[in-house]
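Chemist: Using only what follows, build the 3D model:
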Amino acid sequence: MASEPTLYAIYDADGSLMAEVRYLFDKCLGITGCALCDLSHGWNPLGRSDWRRRKGVAASLNWLHRDELPSHVEAQVGGQLPCVAVDRNGAIEIVIGREALRGCEGDFSVFEHLLEQTMWALHARPAADTDGEPTA
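Modeler: Numbering: from 1, shown residues only. Next comes the predicted model:
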């Protein structure tokens with residue numbers, strides 16, 4: 001029996017304190033940026049209030065830094081961060097890429113809507129049977 005898919009929101013940043021300080025420094029200089037960081041935290045180290053109050057699909061996301069990823073996920077998403085990915089029994093698929101995250105322009109409500117629409121579309125897809133063909 002298939003288990004529930006795992007959803008990951010993956011930052012294009014590392015999670016250690018030193019990495020966070022370096023990211024902030026580089027962001028101030030305009031050297032780096034992470035659209036997912038902008039959505040969840042912006043300039044607030046504790047996170048935006050709407051991100052802290054997330055509910056629905058956004059609450060089911062596992063928010064991870066790139067250095068916190070399980071190895072099988074990292075192998076599939078490396079070089080494509082930030083992103084939102086789904087893990088279905090070891091099969092990893094990026095469902096929201098970095099350009100779509102940039103398109104949210106730091107607005108968490110826009111991200112939530114995009115995420116809900118994406119998840120609805122994923123559930124609307126026909127499931128593949130064991131031969132790889134869609135089931136009727």
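
Chemist: what's the pLDDT at Pro5?
Modeler: On the pLDDT scale, Pro5 is placed at 85.

Chemist: The residue lying closest to Trp51 once chain neighbours are set aside: what's it in contact with?
Modeler: If the residues on either side of it in the chain are set aside, Trp51 comes closest to Ser40, at 4.5 Å by C-beta to C-beta, 6 or more residues apart in numbering. Backbone N, C-alpha and C define where each C-beta goes, glycine included. Shown in contact with Ser40 (C-beta atoms under 8 Å, 6 or more residues apart in numbering): 9, 47-48, 51, 63, 108.

Chemist: what's the closest of these to Gly79?
Modeler: Distances from Gly79 to the contacts of Ser40, taken as C-beta to C-beta, are shortest for Ala9 (17.1 Å).

Chemist: Contact partners for Ser109?
Modeler: Asp50.

Chemist: Could you do Cys37 as well?
Modeler: By C-beta under 8 Å, 6+ apart, the contact set of Cys37 is 11-13, 23, 82.

Chemist: Okay, and which of these map to helices?
Modeler: Here DSSP state H is the test, and the contacts of Cys37 give Tyr23 as lying in helices.

Chemist: For Gly30, state which of the contacts of Cys37 is nearest.
Modeler: Among the contacts of Cys37, Tyr23 lies closest to Gly30 (C-beta to C-beta), at 12.6 Å.

Chemist: which residue packs closest to that closest one, ignoring adjacent ones?
Modeler: In space, Tyr23 is closest to Ala13, 4.8 Å off (C-beta to C-beta, 6+ apart).

Chemist: can you map out the helices along this protein?
Modeler: Secondary structure of the chain, counting by DSSP H: helices at 17-29, 35-40, 49-52, 57-60, 71-77, 98-103, 108-124.
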